[in-house]
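Q: The amino acid sequence is not available; the structure is as follows:
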């Protein structure tokens, strides 16, 4: 696993592609993943060594200019965040569930990393933009006091209060609701439809 992760969220697809190209040319990063998300935004995610990721991120921000919606830079990203971004969904111990919902992708990644580093919780899932109108959320599971701590730490790490849509702690998640979340957080999939429909 690479020790650093960064993401830039653009409100222009063309600028995002151009900035992503400049980023990957600027420094020898380990990986770049880029593409469109709803509603018409463009994301560039990079991983690698701290100095190279930082240099590449700064280049992307310069090229992005006013098209940059938000960024996140995690020099020592938690492994659970990397797995959750890749789409892994896991169930942890404890009956409490915490939810942090934000208006953009970068903020949720920031909150998820801070929360899972700051408390003894499992990061169950991170959902990013698609099927959410550009919003994002993360789920923590554990004992009540740990989930409360993770949510508070995650929310306090947000760059500004205006990015938070909501924060919730459910002290005792019902098993059937837990099963729904473990299988898929897409409503259409719970009905047997394809993802997002």
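A: Sure, I can see it. These numbers come from a predicted model, not from an experiment.
Q: Next, the buried residues of stretch 159-177.
A: Of all the residues in stretch 159-177, those buried under the rule 16 or more other CB atoms under 10 Å are 163, 164, 165, 167, 169, 170, 173. For every residue, glycine as well, the C-beta is placed using N, CA and C.
Q: tell me the average confidence for that stretch?
A: Stretch 159-177 shows a mean pLDDT of 94.
Q: for that stretch, how far is the first residue from the last?
A: Separation of the first and last residues of stretch 159-177 by CA to CA, to the nearest Å is 31 Å.
Q: Other residues contacting it?
A: With CB atoms under 8 Å, 6 or more residues apart in numbering as the test, stretch 159-177 has contacts from 70, 95-104, 107, 110, 135, 141, 144, 147-148, 151, 154-155, 158.
Q: List the buried residues of stretch 137-151.
A: 137-144, 146-151.
Q: got it, and stretch 58-68?
A: For stretch 58-68, the neighbour count (16+ other CB under 10 Å) marks 58, 59, 60, 61, 63, 64, 67, 68 as buried.
Q: could you dump those to CSV with pLDDT?
A: Converted to CSV, these look like this (pLDDT from 0 to 100):
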residue, pLDDT
58, 98
59, 98
60, 98
61, 98
63, 98
64, 97
67, 98
68, 98
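Q: For residue 186, grab the count of nearby residues.
A: The burial count assigned to residue 186 is 17, neighbours taken as other CB atoms under 10 Å.
Q: ok, back up a step: which pair in the buried residues of stretch 58-68 spans the largest distance?
A: The span of those, defined through CB to CB, is set by 58 and 67 at 15.4 Å.
Q: ok, so of the buried residues of stretch 137-151, who is nearest residue 5?
A: residue 138 (14.5 Å).
Q: and the gap between the closest one and residue 81?
A: Going from residue 138 to residue 81 by CB to CB, to the nearest Å gives 9 Å.
Q: Any chance you could list residues touching both of the two?
A: Counting by CB under 8 Å, 6+ apart, the common neighbours of residue 138 and residue 81 are 112, 123, 126.
Q: Following the helix or strand the first one falls within in sequence, what is the next regular element?
A: If I follow you right, that is residue 112. Element membership of residue 112 [criterion: DSSP states H and E] is helix 105-118. As assigned by DSSP H and E, the chain's next helix or strand after helix 105-118 is strand 122-128.
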